[in-house]
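Visitor: Give me the fold of what follows.
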Amino acid sequence: RKGWTVAGSVRTVMADVGKTNSPYASALIADRFDTSIGEMGFLLNMSYQRNEYNEQYAESESLRPLWGTAYDSLSPQLKALNGGVGPFGVYKAKYGVEQGYVERPSLNAAYQWRVNENLDLLAEAQIFNATEHRQMDVLDARAKDGDVTLSNIVLSPDGTSIQSATYTATDPALGPWGNDSVNITDNSHYNFEAHWHQDRWRVNASLSFDENKFHSQWYRETLRFTNPSTYTIDMNSDLAKGAPYIKINNVDLSNVNNYTLREFENGKNFDNSKQTSFSIDAVYHVSDDKFFREFQFGVRHTSRDISRSYGYRYAGWTGSKTIALTKAPTGDSLDIVTPKVPGVTAPSWYRLNLDSLLANYDKMLALGANSPSYSGGSGGWGDLIVTTEDGFSSFVGTEKTAAFYAQFLYGFNVFGIPVDGVVGARQTSRQNDG
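Guide: Residues are numbered from 1 along each chain as shown. All right, here's what the predicted structure looks like:
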């Protein structure tokens, strides 16, 4: 119908779990009207959404047989369980917090022009973007890595798996890690259409452009404790009902001097895609009751460019090169992480502050470049931006297709029974470069 249309909405979602607030707003305006050069109309729709999340958990992974020094430390009676493979134990127990937000602005616009009763034109634009800031913090104990041995073993009631045990190792895979990432998605679509008809002819044409981008960068830290020789994992503790309870022996997690920076990683991933598409179709209506009913023909063409750039680098410090967390470039500005899982008494631990990390990133680069215990990835630490690697993780490519078709529709009657069909041909060509 002609005239103005205006609509809008505002709402928010407040979650008790995680104490998040996620607002949403949208607005629509449209009008259809007559002019001296034909009937016109437009529609504009805008929206904004921000989803906040704050997930907190305590969990274990993968009951499986022990191996290596962990299996060797078992008594002969325990080794004989489960047909000789020994008792099953958790591979990993962990506490975690995953928090962040995603912002999604969008725009949809359309303009239609009916030039006359035979010709209609349409132009459309769609833009949808998203920006996510995500922070993950995990304190985990990988109970079977390294030269770990088990003691104080208590089996579950069924006698096949380990309910609780003390784990001892020279350098246990035990400690916090954190990952900060930014993910940016940009999508746009533009389309133009023309529709014409007169007498027996119908012609439809369209031209569209699509561009899609996904850019991601992340910073990951791995921390360790000083002298964490033993820890306990209890799958049936009153301090963690329905979840694993991790007790780190002989380490005060509230004392920042008990932390070291074991490893730091920085990476990026850029995915890009552009596509142009064109099509035109023509139809000539011959008759409703003769043998030839309709002729159709048309052309198609698409051109698509894609690329991916991926790179990462890491550096670690052990032994004589161990770095106390307080001596790290951002060691004077730390955050405290505390999972809040109902029924679970979870510990608090320290982590690097992201804002301070970015403000002192030149010092972190120098630390990575100054003879770490080990390093690797697609590039060194002498560059401000991570170098992307050549090979299967990075690529560029172009695909072009073209097609032409022609067909006719026919129909006739056989002893009063209507028969109809289509006869046609299509030719397609494709070119790929990469």
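
Visitor: What residues are bridge-paired with R64?
Guide: The bridge-partner assignment for R64, based on DSSP bridges, gives G89.

Visitor: who's in contact with it?
Guide: Shown here is R64, whose contacts under the criterion CB atoms under 8 Å, 6 or more residues apart in numbering are F88, G89, Y91. For glycine as for every other residue, the C-beta is placed from the backbone atoms N, C-alpha and C.

Visitor: Which per-residue confidence value corresponds to the residue nearest the centre of the chain?
Guide: Closest residue to the average C-alpha location of the chain: N183 at 7.7 Å, with CA atoms, centre = their mean. Per-residue confidence for N183 comes out at a pLDDT of 96.

Visitor: what's stretch 338-352 in contact with?
Guide: Contacts made with stretch 338-352 from outside it, assessed by CB under 8 Å, 6+ apart, are listed as 56-58, 95-97, 137, 139, 176, 178, 221, 223, 239-243, 245-246, 248, 253-254, 256, 259, 325, 328, 330, 334-337.

Visitor: Quick one: mean pLDDT over whatever helix or strand K213 lives in.
Guide: Take DSSP states H and E as the rule and K213 turns out to sit in strand 201-225. Across strand 201-225, pLDDT averages out at 96.

Visitor: Heading C-terminal from it, find the next helix or strand.
Guide: The element immediately downstream of strand 201-225 (helix or strand, assigned by DSSP H and E) is strand 230-234.

Visitor: Strand partners (parallel or antiparallel) of that following strand?
Guide: Strand 230-234 has the following sheet partners, assigned by DSSP bridges: strand 162-168 (antiparallel), strand 245-248 (antiparallel).

Visitor: As TSV, those with mean neighbour count, mean pLDDT and distance to S208 would be great.
Guide: Output for these, formatted as TSV (neighbours: other CB atoms under 10 Å; pLDDT from 0 to 100; distance: least, CB to CB, whole Å):
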stretch	mean neighbour count	mean pLDDT	distance to S208
strand 162-168	20	94	59
strand 245-248	21	92	54
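
Visitor: Distance to G424 for those strands - can I get that in TSV?
Guide: Listed next are the strands paired with strand 230-234 as TSV, based on distance: least, CB to CB, whole Å:
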stretch	distance to G424
strand 162-168	69
strand 245-248	69
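
Visitor: Which one, of those strands, ends up nearest to A110?
Guide: Between A110 and the strands paired with strand 230-234, the shortest gap by CB to CB is with strand 245-248, which sits at 56.4 Å.

Visitor: following the closest one, which helix or strand comes up?
Guide: strand 259-285.

Visitor: Which residue ranges of the stretch 1-150 of the chain form helices?
Guide: Using DSSP state H, counting those that start in this stretch, the helices assigned to the stretch 1-150 of the chain run over residues 68-72, 76-79, 81-84.

Visitor: To Y48, which of these lies closest?
Guide: The closest of the helices of the stretch 1-150 of the chain to Y48 is helix 68-72. By CB to CB, the value is 52.3 Å.

Visitor: ok, and what's touching that closest one?
Guide: Among residues not part of helix 68-72, those counted as contacts by CB under 8 Å, 6+ apart are P65, K79, G86, G89, A143, K144, G146, D147, V148, T149, L150.

Visitor: Having no further points to raise, I will conclude here.
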